[in-house]
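Chemist: Would you be able to build a 3D model of this:
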Amino acid sequence: ELQQLQIQEVVDSTMKSLERENMQKTQGLMFRCSASCCEDSQAFTQQVHQCIECCHVPLAQVQALVTNELEKFRDHLARCSMHCNDKVKDSVDAGGKELQVKQQLDACVTKCVDDHMHLIPTMTKKMKEALLSSGK
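Modeler: Here you go, the predicted structure:
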């Protein structure tokens, strides 16, 4: 539980930082673009709506990338945890002692969390690059 809380705090902190430093800029660009669509007095309603939809595309793409990266991260972590549970189950089936099995599970889960903590900077960098390229 402690490791799960630790990794959740790091991911939450990373996402808040990403939103503050990068996502808000992309949102601002989208809203300014949408506002300029509405300022075209020569455009018909459908043209304005199409223009606004085009303004929303970069943000939607970035949001999809961020969601995808987070899902991949969570899937990797879940698979690692399942692997730990399988190892423990095998130990129990082989007659392992409760304390020894618990220590094995704790060590395995700790390793999962440590390994995945190292993936967060790479994941964050990828998301920031996508946000920066959407702002061009």
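Chemist: Low-confidence bits of this protein, can you list those?
Modeler: Within the chain, the segments meeting pLDDT under 70 span 134-136.
Chemist: What ranges does it have for its helices?
Modeler: Taking DSSP state H as the criterion, the chain carries its helices at 2-18, 24-38, 45-93, 98-117, 120-134.
Chemist: now those helices as a markdown table including mean neighbour count?
Modeler: Glycine gets a C-beta too; all of them are placed from N, C-alpha and C. A markdown table is the format used below for the helices of the chain (neighbours: other C-beta atoms under 10 Å):
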| stretch | mean neighbour count |
| --- | --- |
| helix 2-18 | 13 |
| helix 24-38 | 14 |
| helix 45-93 | 14 |
| helix 98-117 | 15 |
| helix 120-134 | 15 |
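Chemist: thinking H116 is in contact with A78, fair?
Modeler: No: H116 is beyond contact range of A78, at 10.3 Å (criterion: C-beta atoms under 8 Å).
Chemist: which residues does the residue nearest the centre of the chain contact?
Modeler: Nearest to the geometric centre of the chain sits L70, at 2.6 Å (C-alpha atoms, centre = their mean). Contacts for L70 (C-beta atoms under 8 Å, 6 or more residues apart in numbering) come out as 11, 15, 123.
Chemist: For M23, state which of these is nearest.
Modeler: The closest of the contacts of L70 to M23 turns out to be M15 (C-beta to C-beta; 9.0 Å).
Chemist: Contact partners for that closest one?
Modeler: 66, 70.
Chemist: do the same with the one 3 residues further on
Modeler: With contacts taken as C-beta under 8 Å, 6+ apart, L18 has the following neighbours: 66, 124, 127-128, 131.
Chemist: make it 7 Å
Modeler: L18 is in contact with 124, 127-128, counting by C-beta atoms under 7 Å, 6 or more residues apart in numbering.
Chemist: Could you export those to CSV, including columns for distance to L5?
Modeler: Below are the contacts of L18 laid out as CSV (distance: C-beta to C-beta, whole Å):
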residue, distance to L5
T124, 19
M127, 22
K128, 25
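Chemist: quick check, nearest of these to Q6?
Modeler: Checking the contacts of L18 against Q6 with C-beta to C-beta, the nearest one is T124 at 16.5 Å.
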